[in-house]
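Student: Model the following, please.
(chains A and B)
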Amino acid sequence: MEKYNPSIIEKKWQEIWDKLNLNKAVDFDEKPKYYCLEMFPYPSGKIHMGHVRNYTIGDVIARFKRYTGYNVLHPIGFDAFGLPAENAAINAKIHPAKWTYANMDYMLSQLQKLGFSYDKDRIIATCDPKYYKWEQKIFIEMFKRGMAYRKESEVNFCPHCQTVLANEQVEDGKCWRCDSEVVKKTIFSWYFKITDYADELLEDIKLLEQGWPSRVLSQQINWIGKSEGAFIKFKFEKSDEYLEVFTTRPDTLFGVTFVSISPKHPKVKEIVKDKNILDYVEKMIVDLDIKKDYDKEKDGIYSGINLVNPANGEIVPLYIANFVLMEYGTGVVMGVPAHDQRDFEFATKFNIPKKIVIYREDLSKDVTTWKSSFVDSGFLVNSGEFNGLQNELAKEKIVEHLASKNLARKAYQYKLRDWNVSRQRYWGAPIPIIYCPNCGVVTESIENLPVELPENIEITGFGGSPLAKVESFVNTTCPICGAKAKRETDTFDTFVESSWYFLRYCSPDYDKDIFDKQKVKYWMDVDQYIGGIEHAVMHLLYARYFTKVLRDLGYVESSEPFKRLLTQGMVIKDGAKMSKSKGNVVDPDDIVNTYGADTARLFILFAAPVDKDLEWSDEGIEGSFRFLNRLYRLIANYAFKVKDVPLQGTLTPRIKELLYEINSCVQKVTNDIENYHFNTAIAKLMEFVNFLYSFNPEEDELGYFRQALEKLTILISPFVPHLACELWEMLGHSEIVFSQSWPKVELEYATKDTVKIAITINGKLRDTVETTKDADQKEVEKLALNSEKVKKHLEGKEIKKYVYVKNKILNIIV
RNA sequence: GCCGGGGUGGCGGAAUUGGUAGACGCAAGGGACUUAAAAUCCCUUGGGAGUUUCUCCCGUGUGGGUUCGAUUCCCACCCUCGGCACCA
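Tutor: Numbers count the residues shown, from 1 in each chain, chains lettered A, B, ... in the order given. Presented below is the predicted three-dimensional model:
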């Protein structure tokens, strides 16, 4: 007998699949469509186990859906812009484009070897000008609608490398490349006004509750960070001007004993004249910029200025305090030390009085004995006409009262900030903006798109934006007046590309617009999206945002791109994420070379539920390989004997049992695949194989045995497609297994005639009895009382009652 | 601190609406085959105890509760992983 040889089988079938063009997604096909999408990879060089897991999950779903009558779109592409390509250029003197395309070629060959069923006519690379041309168009439309804008803001900057650094490139306050201190710098950047969509992004989470993991949704809710509160005006003691604060606790307004303002607030320089104070403010700003959050102690200084509490007219001091964020609210905060922990700490340090305004019986009335602030609910005290009110109620009342005097207004604030999309890098999509001395900031005209990246470029990693040094790129003419003008040299954050690639897959070659609206209408929404949990906020929020923007620009109809989301767990080894530094990396190439793609796929699905972390095990993969060998031998043993044998003979108990096992397997595997419980689906298939091994069919049972082997082959084919094709062929079929339809449960065989019923006494298992299905209680009681074991436990006891659950259990209470 | 997961054998993990805890796999032990090994096949395998072809007790992080019956539901607590973190 031939041995199972995955390297030969897999190559053979991959070629056949390509020839048959099996995985083609047909635009506007009559079958119902199904869009199955996995997050596309960054072309880092080679795929890792996380990719294998991600794409195997998607492939099983895509193949299963094709079996069950769907027209499936299952595409792949590359998130091809990004910093590693520039690092390669610096370190290895390879052009980023060359590096990226070489990596994509290699990774595509790896994906091919793993047998993933992608539609190969839809591969996209975001660094292709044919792709980013349309991204530039989207930007231009956004800019024209005021959805994109330019502003000056604070960023991380390395003074040595002369470049902006992303947050993740700052390590312990130092530049990751040259180790110099990173400073905050205020520069101009481009922003997307995602905050305009904050409310909708939050509201529409309701639409995703059925299909998305709750932890992703809760992370997004957290990130958007909507708070209900009020703006309240505090008048200066000595002028008629106001400072406005944002608070979520207007109910504590009578407890204000100071107000604090951010050192970075522009008002500070206006209103404080004392040089010593201003020097101290400067020192605080420097500290804020270099220190890590966790070692920032509360610090501040009295500004010399007082304000008036609008609720009771009390004069309160204004402090300049380092814990007040300039980026949130108004940059000014009312200080209520008794009912806010930060204010409590600050007031304790600076000997500012604390005043109780929310009270509960179990509290001490002497605030000086308090170890921390009281932030729970209670009723109001020391609050004038509001005394005695429940504090939640008082929030409304106090705001209403002040609003009538134009001193307060109800408001919402969000943690979400506008999205900074400017990167001072080469390997990204150029932002299609031109600075004209006459016309100002203008967009490139649509006809001139794409604004292409210049190819001849030197990337050193030093001296600021690489594009700024390419004169042929920078110098251009104004599309409006024709004057000499300069191009924007920033490129887009790569999250911009990944915010709409799933739309481009619907018509990847369309050259008249961003995409073909009709095709997008046919294919969207993505029915199942699969990817890593690390994208819970950034990518998934940006993609949701872009979909809404494109809807408002008239390009798409839906508001949410991804109906269902599956977040797979990490692949770990020795308890830690695989990483070069830990030396616990398992290379998919090695696994495929040693065991084949089918074994890799099977193990990665079998070893853990999809959403949990998966502990890699060298012994485990051996086990999966053994199983496939066992399966191969089973079918190779019988293929010749069962070929073309018809179903025949009477339904003997043995045949009935065989049919029951077949149907129970069909039912369990189908159900489990539908629910993405691949590990238990595979376990069931293993059980079925074990059963078939022990069955040893007689001559006249071979017809039914053939049927068992055939259904087994179909059921396992989404997991191990190459082997399944081979087995199907061995069983004598000339057409490919994937042309079959998915087995249906034959209800008449799906249940057994007899059932085992557990007999428990006071909830403890004492025996099991076998009886006919749906037997009535009396009958089971009789059987139970006949059992020796049960008799023994009932000796000298009085039966009080029976609890009977049909086909399951009889509990005897004594 | 806040939010969200998760605690089941030596290990990865199974257990419909509360109804026989430990499926399946790994590891381990024993046996068959073999000159031998590999491969393969078969058996055992949660812990403890005993009168050991059988029987009993304990057992799903801990302590309570609801129930005829709890891994599953409720309350309190412990541990652990992930995210956010001075957001007023």
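
Student: okay, CA-based contacts and neighbour counts for the rest of this
Tutor: Noted.

Student: Tell me how many other residues surround the residue in the stretch 401-550 of chain A positioned nearest to RNA strand B.
Tutor: The minimum distance from the stretch 401-550 of chain A to RNA strand B, using CA to the nearest atom of the strand, falls at A:K415 (3.8 Å). Burial of A:K415 is recorded as 16 neighbouring residues (other CA atoms under 10 Å).

Student: now the residue lying closest to it once chain neighbours are set aside: how far from RNA strand B?
Tutor: With CA to CA, 6 or more residues apart in numbering as the criterion, A:K415 has its nearest non-adjacent residue at 4.7 Å, and that residue is A:G225. Distance check for A:G225 against RNA strand B: by CA to the nearest atom of the strand, to the nearest Å, it reads 6 Å.

Student: Enumerate every residue touching the closest residue to A:C436 other than its chain neighbours.
Tutor: In this structure, A:C436 finds its nearest non-sequential neighbour in A:A485, 4.7 Å apart by CA to CA, 6+ apart. Shown in contact with A:A485 (CA atoms under 8 Å, 6 or more residues apart in numbering): A:I434, A:Y435, A:C436, A:P437, A:N475, A:T476, A:T477, A:C478.

Student: repeat for A:K113
Tutor: Going by CA under 8 Å, 6+ apart, the list of residues near A:K113 reads A:E10, A:K11, A:Q14, A:V592, A:A597.

Student: and which of the residues you listed is nearest to A:F603?
Tutor: Using CA to CA, the shortest approach to A:F603 within the contacts of A:K113 belongs to A:A597, at 10.0 Å.

Student: and the helix or strand in which A:I714 is found, what does it pack onto?
Tutor: A:I714 is part of helix A:702-716 when elements are defined by DSSP states H and E. Judged by 3 or more CA pairs under 8 Å, 6 or more residues apart in numbering; DSSP states H and E, the packing partners of helix A:702-716 are helix A:618-642, helix A:653-674, helix A:678-695, helix A:721-730.

Student: Ok, which of these comes nearest A:L709?
Tutor: helix A:618-642 (6.9 Å).

Student: Now for the residue in chain A positioned nearest to RNA strand B, how many residues are close by?
Tutor: Proximity of chain A to RNA strand B (CA to the nearest atom of the strand) peaks at A:T247, 2.6 Å away. The tally of other residues near A:T247 (other CA under 10 Å) stands at 25.

Student: what phi and what psi does the backbone show at it?
Tutor: Main-chain dihedrals, A:T247, degrees, to the nearest 10: phi -140, psi 150.

Student: One more: A:V441?
Tutor: Dihedral angles of A:V441 (phi, psi; degrees, to the nearest 10) stand at phi -80, psi 110.

Student: swap in A:N807?
Tutor: Per degrees, to the nearest 10, the backbone of A:N807 is at phi 70, psi 10.

Student: Please tell me how far it sits from A:I8.
Tutor: From A:N807 across to A:I8, the span is 49 Å (CA to CA, to the nearest Å).

Student: More neighbours: which of these two?
Tutor: A:N807 (20 against 11).

Student: How many residues are close by A:I533?
Tutor: As a burial measure, A:I533 scores 17 neighbours (other CA under 10 Å).

Student: Need the nearest residue in space to it, chain neighbours excluded.
Tutor: Among residues not flanking A:I533 along the chain, A:T567 sits closest, at 5.2 Å (CA to CA, 6+ apart).

Student: Could you identify the helix or strand that succeeds the helix or strand containing that neighbour?
Tutor: Element membership of A:T567, judged by DSSP H and E, is strand A:565-568. Counting by DSSP H and E, the next helix or strand C-terminal to strand A:565-568 is strand A:571-573.

Student: quick one: the helices in the stretch 101-250 of chain A?
Tutor: In the stretch 101-250 of chain A, the segments counted as helices under DSSP state H, counting those that start in this stretch are A:129-144, A:198-203, A:205-208, A:214-224.

Student: Pick the most buried one from the ones you listed.
Tutor: Stretch with highest mean neighbour count among these: helix A:129-144 (a mean of 21; mean count of other CA atoms under 10 Å).

Student: A:S445 contacts A:P479, doesn't it?
Tutor: Yes. Between A:S445 and A:P479 there is a contact under CA atoms under 8 Å: 6.2 Å.

Student: closest one to A:L108 among the helices and strands packed on helix A:702-716?
Tutor: For A:L108, the closest of the helices and strands packed on helix A:702-716 is helix A:721-730, at 17.9 Å, according to CA to CA.

Student: May I see the buried residues of that closest one?
Tutor: Applying a neighbour-count criterion of 16 or more other CA atoms under 10 Å, one finds A:P721, A:H722, A:L723, A:A724, A:C725, A:E726, A:L727, A:W728, A:M730 buried in helix A:721-730.

Student: Kindly report the same for stretch A:114-124.
Tutor: By neighbour count on 16+ other CA under 10 Å, the buried set for stretch A:114-124 is A:L114, A:G115, A:F116, A:S117, A:Y118, A:D119, A:K120, A:R122, A:I124.

Student: So which of those residues belong to strands?
Tutor: A:I124 (DSSP state E).

Student: So which one of the buried residues of stretch A:114-124 is the model least confident about?
Tutor: Lowest pLDDT within the buried residues of stretch A:114-124 is found at A:K120 (94).

Student: so who does that residue touch?
Tutor: A:K120 makes contacts with A:N23, A:K24, A:P75, A:I76, as judged by CA under 8 Å, 6+ apart.

Student: Which of the buried residues of helix A:721-730 sits closest to A:I812?
Tutor: Using CA to CA, A:A724 comes nearest to A:I812 of these, at 49.5 Å.

Student: Quick check, the closest one in contact with A:T713.
Tutor: Yes. Here A:A724 reaches A:T713: they are 5.5 Å apart, a contact under CA under 8 Å.

Student: contacting residues around A:G388?
Tutor: Contacts for A:G388 were tallied using CA under 8 Å, 6+ apart; they are A:F379, A:L380, A:V381.
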